[in-house]
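Enquirer: this one's sequence-less:
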């Protein structure tokens, strides 16, 4: 969950057209859909706040959080 928050924070600092955040933890993707008290809440809120800031700065940016098993075949970009 923390990794999603870090990725969202990094994305909000860049000028982007599309943001895809991949994780191999299905629970982290599900956790992003609500803000009810539960494990990982602080990171879910941090990630959602960063994504909201990105959308505020760049309203046309597309964001997506996806589950991908063991992150196979996803090239790392910086």
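Expert: Done, it's in. Since the structure is predicted, the reported quantities are computational estimates derived from the model, not experimental observations. Numbering: from 1, shown residues only.

Enquirer: low-scoring stretches of this protein, by residue?
Expert: 15, 71-78 (pLDDT under 70).

Enquirer: For residue 28, give me its contacts.
Expert: Neighbour list for residue 28: 1, 3, 4, 40, 65 [criterion: Cβ atoms under 8 Å, 6 or more residues apart in numbering]. Quick note: C-beta positions are derived from backbone N, CA and C, even for glycine.

Enquirer: contacts for stretch 12-19?
Expert: Residues outside stretch 12-19 that contact it (Cβ under 8 Å, 6+ apart) are 8, 11, 50-51, 53-54, 57-58, 60-64.

Enquirer: Reduced to three states, what does the closest residue to residue 65 other than its chain neighbours come out as?
Expert: Among residues not flanking residue 65 along the chain, residue 21 sits closest, at 4.8 Å (Cβ to Cβ, 6 or more residues apart in numbering). What DSSP: H, G, I helix; E, B strand; the rest coil gives for residue 21 is strand.

Enquirer: State the distance from residue 21 to residue 37.
Expert: When Cβ to Cβ, to the nearest Å is the yardstick, residue 21 and residue 37 sit 23 Å from each other.

Enquirer: what's the helix or strand for residue 55?
Expert: Residue 55 is part of helix 41-57 when elements are defined by DSSP states H and E.

Enquirer: Alright, that wraps it up for me.
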